[in-house]
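*Asks:* Below are the sequence and a predicted model; questions follow.
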Amino acid sequence: MLHKLLFAPTDRNDQILPLLARFVFAATLLGYFWASAKTKLGEGIGGFFSPSVGAYAQIFPKQLEAAGYDASQLSVFHWLVVMAGTYAEFILPPLLVIGLLARPAALGMIGFVTVQSLTDLYGHGGIAHAETLGAWFDRAPDSAILDQRAFWMLTFVIIAVKGAGALSVDQFIAKRSPMAAPSAPAQAAGT
C-alpha cells in the first residue's frame, strides 16, 4: 500500500526520466561537446566551412599523419566527415537540452559517440591502453571508453526511447498540434 502510494504517480508518467536525462546531459556533457566542437573550427567566419587541422587530427589522426599534417592532402570525403562531425557537435547537444527533435538528436548522438569511441580506440591507440579502454564488471568504474561512455549512451537511449519528457519544445509543440489527441474532459464536454 505504501509503495503504491509513493510510486504510483511515477509508474505511468514517462515525463520525469527523460527530463532528468536531459538535465544530466546538460550538467555534465554539454560543455564538453561545445568545447570539442569549437576546437574543430578554422579561423574567422569561414572557419565554419574550413575546419582546423586539429579537427582532422581528432577524427582522422593516422590519415593526417600520413599526409604530413597537411589537411589539404586529404580527400573531400575526409572534409565531409569532419564537417558533419563538427556540425553534429554544435547542433545535436543543444537540441537535446531544449528537447527539440530530441529522439533523432539522441540517435545522432549515439552514432556520434560510437564513432568517437572507435576513433579513440583505433585511431588514437586507446585500445592499446587498458586503463583507457577499461572493462565492464570490474571494480574500476572510471575508464574513459567502456565505463564513462556507457553512461553517456544510457542517457541518449532514455531520450531516444521515451522522448524529450517534460519541459521540452517537443512536448510544447505536440500539445499545440492539431494532430494531438483531445483530452478526456474535452471529449466528455463535446458529447
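*Replies:* The structure has been received and is ready for your questions. Residues are numbered from 1 along each chain as shown.

*Asks:* Next secondary structure after whichever helix or strand residue 56 is part of?
*Replies:* Using DSSP states H and E, residue 56 falls within helix 53-59. Proceeding C-terminally, helix 53-59 gives way to helix 61-66 as the next helix or strand, assigned by DSSP H and E.

*Asks:* Stretch 78-95: which residues count as buried?
*Replies:* In terms of neighbour count (16 or more other Cβ atoms under 10 Å), stretch 78-95 has its buried residues at 78-79, 81-83, 85-86, 88-90, 92-93, 95. C-beta coordinates here come from the backbone N, C-alpha and C atoms, glycine included.

*Asks:* Okay, residue 90 and residue 131: tell me how far apart.
*Replies:* Here the distance between residue 90 and residue 131 works out to 31 Å (Cβ to Cβ, to the nearest Å).

*Asks:* okay, residue 116: pLDDT?
*Replies:* The predicted structure scores residue 116 at 92 on the pLDDT scale.

*Asks:* Dihedrals phi and psi, the closest residue to residue 101 other than its chain neighbours?
*Replies:* With Cβ to Cβ, 6 or more residues apart in numbering as the measure, residue 95 is the residue that lies nearest to residue 101, at 5.5 Å, once sequence neighbours are left out. Note on residue 95: backbone dihedrals following degrees, to the nearest 10 are phi -60, psi -40.

*Asks:* which residue sits closest to the most centrally placed residue in the chain, ignoring its sequence neighbours?
*Replies:* Geometric centre of the chain, nearest residue: residue 109, 3.2 Å, by Cα atoms, centre = their mean. If the residues on either side of it in the chain are set aside, residue 109 comes closest to residue 156, at 4.8 Å by Cβ to Cβ, 6+ apart.
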